[in-house]
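Q: here is my input, please return the structure:
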Amino acid sequence: MRLWSGVRSWGWMAAAAVAASAPGLAQAAGINIPENGAEISARGGTASSLLDTAYALEFNPAGLTTVNGLDIRIGGRLVNSNITFARANPDADHIQQTAASANGVPFDSVSNGAGWNFLPSLHAAFHPTSGMLSHFAFGAGVFGPPGRVHFSFPDPRKALTACKAENPDAQPDDIDACVDARTPQRYSLVEANMVVVYPSVAVAWSPIKALSFGVTFQAAIPTITFKQSLGVNLLEHSEKPSSDAFVVLDVDGGAAFTGVMGARYEPIPGLSFNASFRPQIVMKSPGTVSVELPASLQSLGKVDGKSATLTLKMPPQVRVGAAYKMNRIAAALEFVYEGWSTNDAFTVKNDLTITAVGNTTQVGTISIKNGWTDAYSVRLGGGFDIKQPKTDGYLLQLNAGALWESNAVPAEQQVIPFVTGSRIGLSGGVTVGYKGFDLTASVIGFPNTAFDVTTSQAERGVASKETDPNNIVYVGNGHYETSTLALAVGLAYHGLGAAE
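A: Below you'll find the model as predicted:
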């Protein structure tokens, strides 16, 4: 029966949408705002010249053996990501029409309305400078990926209320066209809140003064809320908001354990070579999913079950760099690799069942493949001490940096919120210090990047092929623009237990 087949396809598609929402947790290169730590951010995301601080805990624990006594870094940053999407109407010869295009209504240009995100971090380290433990160093802290946390785009439910209020005598098709035009991104994202917290501890060992090794042990704990629309138009070839379902995914907890391994070699005083590696992280995160059926299907069927377990894969990461520190000057050059191609699929195990016209079926585990690619970044940064504590009684330091990074998301898979393209970032900052306390303020910005996608393979819902292989909407075609600004402040304390 066509109706039952369609409802069953919708059930599969609902779970598929849950799985498809999983990339919201992933922070690919070109999505992070490098990096945690105001000083590191000020130097273009380079960590190599700051491995003698508690930041080594996160980036290369081998550097902990160069910390002088106790070092504590407390930081916070404000990130504002401007993302704009102007969706293209389907080609005239495309069998699938949208409600807006069918009524001659152009899509609105939509933007991220989440505003500024606040991201805190804490890093601490201690290196005994004498005694039996002087060849060892230790670190602890808690922080998250330095990427975006909150995204908010037009909500079709609010748009429906507004369209009806503005056009009380409008026909249903006109209301559909109004909502469709105002929420062209709804099949990719309506709203997302995404946080991954990394509680971390580390130990480092220096067998000789010039060489050190370290390892950081971490738990990765995700918390996600993700909202999007889901096309459920089964009986005709058009994209209608009145036939959309609305999916809300909540994931909280499900820690995965990982780590960072690092090495540091200083062949001559002031010149160091540094390398670190973090293996792939596989998170299996429990949560719930709720599905609000469109009014047209509420009398025909129902969805039971709420539990969902997402399997997410974070990429392996390699960071190599060289740093030079002498007198008043510090400089670093780094290369960062993230293996996003290993993140071949997002999967969701769920207990959803679909009941319609007397039949019940279990949705089962869904796996959504993606076509992400490996990403690379080259970073250059440094600092100059205008004033130094030993000679001037206080510290005044200027920092600057630049970086280039590729995008892990190919054009064919481009959808919001992953809108960056390959990009260049510029950064700067100032540090002032007095009697063991340092205060740093920094800024890093990515100028506006604009590009068009015309070959999108990002589908509204692949399960619709079970009903009709021609009933496909590609939702990623259009014009994208993005820019990012991040402001950071860091407070540091160092000196307790330090060698003279």
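
Q: where do the helices sit along the stretch 201-350 of the chain?
A: Using DSSP state H, counting those that start in this stretch, the helices of the stretch 201-350 of the chain run over 295-298.

Q: poorly predicted segments of the stretch 1-150 of the chain, please.
A: 1-34, 90-104, 146-148 (pLDDT under 70).

Q: where along it do the strands fall?
A: 69-87, 97-98, 109-111, 116-127, 136-143, 150-152 (DSSP state E, counting those that start in this stretch).

Q: please identify the buried residues of the third one?
A: In this case it means strand 109-111. V110, S111 (16 or more other Cβ atoms under 10 Å). The way it works is simple: take the backbone N, C-alpha and C, and place the C-beta from them, glycine included.

Q: sorry, back to before: redo the strands of the stretch 1-150 of the chain as JSON lines? Include distance to V303.
A: Output for the strands of the stretch 1-150 of the chain, formatted as JSON lines (distance: least, Cβ to Cβ, whole Å):
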{"stretch": "strand 69-87", "distance to V303": "28"}
{"stretch": "strand 97-98", "distance to V303": "25"}
{"stretch": "strand 109-111", "distance to V303": "28"}
{"stretch": "strand 116-127", "distance to V303": "32"}
{"stretch": "strand 136-143", "distance to V303": "38"}
{"stretch": "strand 150-152", "distance to V303": "26"}
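
Q: out of these, which gets nearest to N343?
A: Nearest to N343, of all those, is strand 150-152, at 19.7 Å by Cβ to Cβ.

Q: out of the strands of the stretch 1-150 of the chain, nearest to V475?
A: Comparing the strands of the stretch 1-150 of the chain by Cβ to Cβ, strand 69-87 comes nearest, at 7.2 Å.

Q: quick check: angle from the closest one to strand 116-127?
A: Put simply, strand 69-87 runs at 160 degrees to strand 116-127, going by axes from the mean of the first three to the mean of the last three Cα atoms, to 10 degrees.

Q: go ahead and confirm F151 touches I416.
A: Yes. Between F151 and I416 there is a contact under Cβ atoms under 8 Å: 7.4 Å.

Q: please identify every residue contacting each of those two.
A: I83, N112, L189 (Cβ atoms under 8 Å, 6 or more residues apart in numbering).

Q: need those residues in CSV (columns: distance to I424).
A: As requested, these are exported to CSV (distance: Cβ to Cβ, whole Å):
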residue, distance to I424
I83, 18
N112, 21
L189, 26
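
Q: report the buried members of those residues.
A: I83, N112, L189.

Q: bridging residues for the closest residue in space to V443 that isn't next to it in sequence?
A: Using Cβ to Cβ, 6 or more residues apart in numbering and skipping residues adjacent in sequence, the residue nearest V443 is L487, 5.5 Å away. L487 forms beta bridges with L78, V443, as assigned by DSSP bridges.

Q: need the contact list for L487.
A: Going by Cβ under 8 Å, 6+ apart, L487 touches R77, L78, A441, S442, V443.

Q: any chance of those residues in a markdown table, plus neighbour count and distance to T66?
A: Listed next are the contacts of L487 as a markdown table, based on neighbours: other Cβ atoms under 10 Å; distance: Cβ to Cβ, whole Å:
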| residue | neighbour count | distance to T66 |
| --- | --- | --- |
| R77 | 25 | 25 |
| L78 | 14 | 30 |
| A441 | 15 | 25 |
| S442 | 26 | 22 |
| V443 | 16 | 27 |
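
Q: which among the residues you listed gets closest to A408?
A: Using Cβ to Cβ, R77 is the member of those that lies nearest A408, at 21.9 Å.

Q: who's in contact with the closest one?
A: R77 touches I33, N36, A38, S41, F118, L119, P146, A486, L487, A488, V489, counting by Cβ under 8 Å, 6+ apart.

Q: switch to 10 Å and redo it
A: 33, 35-38, 41, 116-121, 146, 442-444, 486-490 (Cβ atoms under 10 Å, 6 or more residues apart in numbering).

Q: in the stretch 401-500 of the chain, where is pLDDT below threshold?
A: 460-473, 497-500.

Q: what about the helices in the stretch 401-500 of the chain?
A: Counting by DSSP H, counting those that start in this stretch, the stretch 401-500 of the chain contains no helices.
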